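Chemist: Provided below are the primary sequence and the corresponding predicted coordinates.
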Amino acid sequence: MMNFWFVQLCLGVLAIVLPVHSFSSTYSSSPPTPTTTPSPKNLDTHKSETLSPLIPRHYSPPPDSSSSPWKKKKYPTSLDLIGNTPLVDITAVCNPKNPKTVILGKAEFINPGYSMKDRITAHIFSKAEREGVLKEGMTVVAASSGNTGCSVAMMCAIKGYKAVVITNEKCSGEKRAAIKAYGAELIISDPDKCYMQMETDLAKANPAWFSVDQYNNLNNPEGHYRSTAPEIWRQTDGEVTHFVAAGSTGGTISGIGSYLKETKPSVNIVLADPTGSVFKNYFKTGEIGEMKPFLVEGVGKNNIPGAMDFGVIDGIVDVNDKEAIRMCRTIASRTGLCVGGSSGLNVEACARIAEESDEPAVIVTMLCDSGIKYLSKMFNDEWLEENGLGDLVE
C-alpha cells in the first residue's frame, strides 16, 4: 500500500513540474555572427582623417556591482535612486525592415532629477569630494542648458552646498522652476553672452567655488563609462549592435561609446545631431563651421567641448526640429512614454537605422529626460504655432 501512495505522489509532482515553461531571454545567449552591413543612406560615415586615429582615453573601471549600497542600507536614499534605469522596448515607433530588429530606450527620466544628468553630477561630486576639491561649505557653479543645472541644484540641496546655475533664454520654464525649487541661484545669460564662459569667469572671480565645468570635465564621460554603459551591456546580454545618442557636452556618447567599443568593437556608435549644430560638419571635415539656430534643447553645439570624443563615433544622423518633436509625440501616443526633445531626436535617428537595416539589430538609445519639462513648449500647441510647427498640431 505504501508503494501505491508513493507512486501516486510522484505522478502528482510530475504533473505539476512538466507543464512549466522555461521562458528564454529576449536575446539569445550566443553572440551574433559578425556581418558587414551596408550603411543606411541617412547615416553619414564619411569622417575627417584629422579625427582618427586618436589616442584612446583611459577611464577608471566600473565599480564592482557586488558592492551595492542596497546591501549596506536598510532603506535607500535619494542618491541611491540614480542609475539602474530600465531598458524599454519602443520599437512600436517605427516599422523596422527586419522584423527581428528592436529599438530599446534607456528610461533616464526615472532618475530622481528626471534626467540622465543625475549620473554625471553624482560622479563629478563624489570624485571631487574624495579628492578634496569639493569641501563642506563651498559654493558650486555650473553652466547648463537645463538638465545638468537641475541635477547640480538637487545634489547641492542633498549635500548642503550652495548652488549657482547659469543657463540661457532657451531653457524651458519648467527646468528653470525646478532649479530654483531646489534652492539654487539661477542666472539667465543675456543673448550676447556665452553662459559657459560665464561659469569660467565666476569661478575665476571666486577661487573658493567649485566649478562643475561639464563641457570639459572628463569625469562627465567617465560617469557614463562606469554606470550607464555596463548597465546597457548587461541588460542586452551583450547583444547591442548600435548605440545612438545626441551630444551637447559629448559625455554620454563618449563614455558609453568607449565602454562598448572596448567590450565589443563591432558595435556601431552613432551621433544623432540636430540640424544646425556644428558637430556634423566637424565630423566630416574637421572644421567647426557656423551654427544655425534650432529649437530642441540640450543637444548640439556651436563649438567642440573637451568632453566629446569623436574617435569613438562611427557615423552621424542629422535630425531637424520638426522630425524630433514629431517623434516625441509619436513616442507618447504609441508607447505611453512622455519624453523630451533630445529623446525624440535620438529615437528618430534609431528609427531611420531600423527602417534601413537588412540585418537584425539591437539599437539602444537614451530617453534623456521627461517630457514634463517641456509641457510649455513642444507639447503646447500655441508654442508650436508660434515657432512655425503648427502642422504638428493635431
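Modeler: Good, I have the coordinates.

Chemist: dump the strand or helix carrying residue 257 to PDB, restricted to CA.
Modeler: Here residue 257, judged by DSSP states H and E, is contained in helix 251-263. Coordinates of each C-alpha in helix 251-263 appear next as PDB, following Å, rounded to 0.1, in the frame of the first residue of the first chain:
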ATOM      1  CA  GLY A 251      29.800  63.000 -22.300                       C
ATOM      2  CA  THR A 252      27.100  60.500 -22.900                       C
ATOM      3  CA  ILE A 253      28.200  59.200 -26.300                       C
ATOM      4  CA  SER A 254      31.900  59.400 -25.500                       C
ATOM      5  CA  GLY A 255      31.700  57.500 -22.200                       C
ATOM      6  CA  ILE A 256      29.200  54.800 -23.300                       C
ATOM      7  CA  GLY A 257      30.800  54.600 -26.700                       C
ATOM      8  CA  SER A 258      34.200  54.000 -25.200                       C
ATOM      9  CA  TYR A 259      33.000  51.200 -23.000                       C
ATOM     10  CA  LEU A 260      31.000  49.400 -25.700                       C
ATOM     11  CA  LYS A 261      33.900  49.700 -28.200                       C
ATOM     12  CA  GLU A 262      36.300  48.200 -25.700                       C
ATOM     13  CA  THR A 263      33.900  45.400 -24.900                       C
END
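
Chemist: so what's the gap between the helix or strand just after that helix and the chain middle?
Modeler: Downstream of helix 251-263, the first helix or strand assigned by DSSP H and E is strand 268-274. Strand 268-274 has its C-alpha centroid displaced from the chain centroid by 12 Å (C-alpha atoms, centre = their mean, to the nearest Å).

Chemist: quick one: buried residues of the helix holding residue 257?
Modeler: Neighbour counts using 16 or more other C-beta atoms under 10 Å place 251, 252, 253, 254, 255, 256, 257, 258, 259, 260, 261 of helix 251-263 among the buried residues. From N, CA and C alone the C-beta is placed, and that goes for glycine too.

Chemist: can you give me the strands in the stretch 251-394 of the chain?
Modeler: 268-274, 315-319, 362-367 (DSSP state E, counting those that start in this stretch).

Chemist: repeat for the stretch 101-250 of the chain
Modeler: Using DSSP E, counting those that start in this stretch, strands in the stretch 101-250 of the chain cover 102-107, 139-143, 162-167, 185-188, 210-211, 242-246.

Chemist: mind putting the ones you listed into JSON lines with mean pLDDT?
Modeler: What follows is these, written out as JSON lines (pLDDT from 0 to 100):
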{"stretch": "strand 102-107", "mean pLDDT": "98"}
{"stretch": "strand 139-143", "mean pLDDT": "98"}
{"stretch": "strand 162-167", "mean pLDDT": "98"}
{"stretch": "strand 185-188", "mean pLDDT": "98"}
{"stretch": "strand 210-211", "mean pLDDT": "98"}
{"stretch": "strand 242-246", "mean pLDDT": "98"}
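
Chemist: which residues of the stretch 51-200 of the chain score low on pLDDT?
Modeler: 52-55, 65-73 (pLDDT under 70).

Chemist: the helices in it, which residues?
Modeler: 117-130, 147-159, 173-181, 195-205 (DSSP state H, counting those that start in this stretch).

Chemist: which of these sits most buried?
Modeler: Across those, the average number of neighbours (mean count of other C-beta atoms under 10 Å) peaks for helix 147-159, which reaches a mean of 26.

Chemist: on that earlier part again, need the helices of the stretch 51-200 of the chain in JSON lines (columns: distance to residue 56).
Modeler: Shown next, in JSON lines, are these (distance: least, C-beta to C-beta, whole Å):
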{"stretch": "helix 117-130", "distance to residue 56": "20"}
{"stretch": "helix 147-159", "distance to residue 56": "26"}
{"stretch": "helix 173-181", "distance to residue 56": "35"}
{"stretch": "helix 195-205", "distance to residue 56": "26"}
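
Chemist: among those helices, which comes closest to residue 309?
Modeler: helix 117-130 (14.6 Å; C-beta to C-beta).

Chemist: remind me what that closest one packs against, helices and strands.
Modeler: Judged by 3 or more C-beta pairs under 8 Å, 6 or more residues apart in numbering; DSSP states H and E, helix 117-130 is in contact with helix 147-159, helix 219-226.
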